[in-house]
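Peer 1: what's the 3D shape of this:
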Amino acid sequence: MELIDNHTHLQDEPFRGKEEFYLERAQKLGVTKMICAGQDPDFNERAIDLSQRFEPVYAMVGYCPDVAQEYDQAAEDKLIEQLQIPGVVAMGEIGLDYYWDEAPRSVQRAVFARQLEVAHELKMPVDIHTRDAFADCYQILKDSNLEYGAVLHSFNGNPEWLEKFMDLNVNFSYSGVVSFTKAKEVHEAVKKTPLERLLIETDAPFLTPKPYRGRQNEPGNVYYVARAIAELKQVPLTEVAEATYANTMRVYGLK
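Peer 2: A predicted model of the protein is given here:
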């Protein structure tokens, strides 16, 4: 059984200098590949560095909503350059965050839409962060060309939002939230998500799944995300593993 953590932050502070240790731990749980998500210039560079140093690691690069105000022509030129480096497989994470509101919402929307355009021009998939912003996220995606695919990372919408986004060329990535007892709406969304549109992630070092909730998350814990989904959908774990592995390979064009 092979698993892919399609959105992790192995370049974050808790893992620095210990990446091989966490990669080995992930391997023991069947996690053979992972995609390290960028979000700002520093995280983008570090994600690329890890993708060059470690064979199981791929990278994505982008400007997340928290740093939308830093996005300018120089930033865009750098992203375009980085997106053509071998091992960089997507634009991400990009999107909207109306919970933290680190940047004006109008700026978040403009930068999100522009990065979607750049990704399309380069024939790249996109990895999307959306928090408390489903309506605007949906409208921007609906107005964009998603020919090369999109992933809603750590999807935490209810079944109604799932149905709306299903009409777009969007896939749904679930994190450790699926294992949380009180996440009832996410549980219902998982049950209604077709296996062919489903991916799994850790978002490590955040959102640690049960049975390790309360501890620092790590890529290997995507195994427990897959297990929670299998329980919710009442299908074998191997079926979830095979589907999410194939879907991730397809969406991100992995070899």
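Peer 1: Could you pull up the contacting residues of residue 187?
Peer 2: Counting by C-beta atoms under 8 Å, 6 or more residues apart in numbering, residue 187 makes contact with 178, 232. Where C-beta positions appear, they are placed from N, C-alpha and C, glycine not excepted.
Peer 1: What strand or helix carries it?
Peer 2: Under the criterion of DSSP states H and E, residue 187 resides in helix 184-192.
Peer 1: Over to residue 20?
Peer 2: Secondary-structure assignment from DSSP H and E places residue 20 in helix 19-28.
Peer 1: Buried residues of that helix, list them for me.
Peer 2: Going by neighbour count (16 or more other C-beta atoms under 10 Å), the buried part of helix 19-28 is 19, 22, 23, 26.
Peer 1: Going toward the C-terminus from that helix, what's the next helix or strand?
Peer 2: Sequence-wise, the next helix or strand downstream of helix 19-28 (DSSP H and E) is strand 31-37.
Peer 1: so how far is the longest strand along the chain from its chain's centroid?
Peer 2: Ranked by residue count, the top strand of the chain under DSSP state E comes out as strand 88-97. Computed by C-alpha atoms, centre = their mean, to the nearest Å, the separation of strand 88-97 from the middle of its chain amounts to 8 Å.
Peer 1: Now do the buried residues in it.
Peer 2: 88, 89, 90, 91, 92, 93, 94, 95, 96, 97.
Peer 1: tell me the contacts of residue 49?
Peer 2: Counting by C-beta under 8 Å, 6+ apart, the residues that residue 49 touches are residue 11.
Peer 1: Centre of the chain to the helix or strand encompassing it, how far?
Peer 2: Using DSSP H and E, residue 49 falls within helix 41-53. Distance of helix 41-53 from the chain centroid (C-alpha atoms, centre = their mean) equals 16 Å.
Peer 1: For it, buried residues please.
Peer 2: So helix 41-53, judged by 16+ other C-beta under 10 Å, has buried residues 41, 43, 44, 45, 46, 47, 48, 50, 51.
Peer 1: Go over the secondary structure and confirm residue 173 is in a helix.
Peer 2: No: with DSSP: H, G, I helix; E, B strand; the rest coil as the criterion, residue 173 is located in strand rather than a helix.
Peer 1: Return the distance of the residue nearest to it when sequence neighbours are not counted relative to residue 150.
Peer 2: Leaving aside its sequence neighbours, residue 173 sits nearest to residue 199 (C-beta to C-beta, 6 or more residues apart in numbering; 4.1 Å). Using C-beta to C-beta, to the nearest Å, residue 199 is found at 11 Å from residue 150.
Peer 1: higher neighbour count, these two?
Peer 2: residue 199 (29 against 25; other C-beta atoms under 10 Å).
Peer 1: Strands of the stretch 51-200 of the chain, start to end?
Peer 2: With DSSP state E, counting those that start in this stretch as the criterion, the stretch 51-200 of the chain has strands at 57-61, 88-97, 126-131, 150-152, 170-174, 198-200.
Peer 1: Strand partners (parallel or antiparallel) of the first one?
Peer 2: Put plainly, it is strand 57-61. Using DSSP bridges, the strands paired with strand 57-61 are strand 31-37 (parallel), strand 88-97 (parallel).
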